[in-house]
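# Output the structure for:
(4 chains)
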2 protein chains.
Amino acid sequence: MAALKYSRQREMIKAFLMSRKDHPTADMVYMNVRKQQPNISLGTVYRDLTQLADLGEIRRLRIGNGADRFDADTSPHYHFVCERCKSVTDLKMESIESILETADANFDGRIEGHVTYFYGICGCCAAERDCVSES
Amino acid sequence: MAALKYSRQREMIKAFLMSRKDHPTADMVYMNVRKQQPNISLGTVYRDLTQLADLGEIRRLRIGNGADRFDADTSPHYHFVCERCKSVTDLKMESIESILETADANFDGRIEGHVTYFYGICGCCAAERDCVSES
DNA sequence: ATGAAAATAGTAACAGTTACTTTTTTCGGG
DNA sequence: CCCGAAAAAAGTAACTGTTACTATTTTCAT
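Residues are numbered from 1 along each chain as shown, chains lettered A, B, ... in the order given. Here you go, the predicted model:
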């Protein structure tokens, strides 16, 4: 139920997310979409992001510290969080889905999934460069 | 620097956490420690929990949704979050630390660690029982 | 064209957490 | 054993990220 109706704002948010690979926060989405849609409200951004995530069109990344981030790439992949510049980047690596079986081995409930992210120092920061994450 | 001084509150918080294996939130710690120390303040609980975590005496679990949880067991192990009753339980399983090498394979930064938790339906909820998590 | 359902802007409220200010406690040196 | 600097405490205010509410506007099947 609750048939979905077209929304220009939602399309703009989706399009913006697809144009970026740095996993913006809701506020970053707000700031940027506002350039083309100056009167969009932050509440709309939050609602639309939640809708899109519920529809499976985007992914919500709960990194833990600070604000949630959003990713238009819904294919299975992992993320790396730099502890110095706080950037969140994609991690190209082979599947580690087998850890689900490892976890399931002697567990009496039903394991449906896992959340994993890696942290450390990104290549940019390791090279002592200035790694300002764009806004 | 900043030599640590004894604090009865901090000891009580640590002792309380060691007595529990359900990974309480700061508020749960506050509610319980207050039974023996009625005038303890929530700010103190937060500060002491952060101190203890920084000292490595407890672990902070950032589950993502809602409040952080704390665990006096600092040995390497994993956690399971029930999507129905929201309980957080320990997961006895063999090490999956090898995923660090998997992630490091073609990454140009330095990976220092990972955060992983599993989610699904716990045994209690799967059995359709009433799995109220204690307060 | 019309009207019910859905989405919006704008604002208020909320949860979890941190910061601030004053008072109390700890603890090493005299 | 007392003194005082440093640390911690209590209590409260403030902050961040997010959700909820209300009145208005937009979508879209009939």
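# ranges for the helices of chain A?
With helices called from DSSP state H, chain A shows them at A:8-18, A:26-33, A:42-55, A:99-104, A:123-126.
# Count the neighbours of the residue nearest to A:Val29 when sequence neighbours are not counted for me.
Sequence neighbours aside, A:Val45 is the residue nearest to A:Val29 in space, at 5.4 Å (criterion: Cβ to Cβ, 6 or more residues apart in numbering or on different chains). No exception for glycine: its C-beta is placed from N, CA and C like everyone else's. A:Val45 has 26 neighbouring residues, counting by other Cβ atoms under 10 Å in any protein chain shown.
# just to revisit the earlier point, out of the helices of chain A, which comes closest to B:Phe118?
Evaluated over the helices of chain A, closeness to B:Phe118 peaks at helix A:99-104, with 5.1 Å, by Cβ to Cβ.
# list the buried ones in that closest one?
For helix A:99-104, the neighbour count (16 or more other Cβ atoms under 10 Å in any protein chain shown) marks A:99, A:102-104 as buried.
# Please say whether there is contact between the strand ranked longest in chain A and chain B.
Scanning chain A for the longest strand, with DSSP state E as the assignment, gives strand A:110-121. Yes. Strand A:110-121 reaches chain B (Cβ under 8 Å from any Cβ of the partner chain) through A:110-121.
# That strand pairs with which strands?
strand A:78-82 (parallel), strand B:110-121 (antiparallel) (DSSP bridges).
# Disregarding residues adjacent in the polypeptide, which is nearest to A:Val88?
Nearest to A:Val88 is A:His23, by Cβ to Cβ, 6+ apart, at 4.6 Å.
# hmm, I was thinking of A:Ile99
B:Ile96 (4.7 Å).
# Tell me how many other residues crowd the one you found.
B:Ile96: 19 neighbours (other Cβ under 10 Å).
# swap in A:Ile13?
So A:Ile13, with other Cβ under 10 Å, has 28 neighbours.
# ok, now which ones touch the residue lying closest to it once chain neighbours are set aside?
Spatial nearest neighbour of A:Ile13, chain neighbours left out: A:Asp48 (5.0 Å); criterion: Cβ to Cβ, 6+ apart. A:Asp48 sits next to A:7, A:9-10, A:13 when contact means Cβ atoms under 8 Å, 6 or more residues apart in numbering or on different chains.
# can you redo the residues you listed as a markdown table with pLDDT?
Formatted as a markdown table, the contacts of A:Asp48 follow (pLDDT from 0 to 100):
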| residue | pLDDT |
| --- | --- |
| A:Ser7 | 98 |
| A:Gln9 | 98 |
| A:Arg10 | 98 |
| A:Ile13 | 98 |
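# Quick check: A:Tyr6 vs B:Arg69, distance?
As for A:Tyr6, its distance to B:Arg69 is 41 Å (criterion: Cβ to Cβ, to the nearest Å).
# For the two, indicate the residue with more neighbours.
Neighbour totals were compared for A:Tyr6 and B:Arg69, and B:Arg69 leads with 20 against 6 (other Cβ under 10 Å).
# The more buried one touches B:Ile63, doesn't it?
Yes. B:Arg69 lies in contact with B:Ile63 (Cβ atoms under 8 Å); the separation is 6.2 Å.
# From A:Ser7, how far out is A:Ile40?
For A:Ile40, the distance to A:Ser7 equals 11 Å [Cβ to Cβ].
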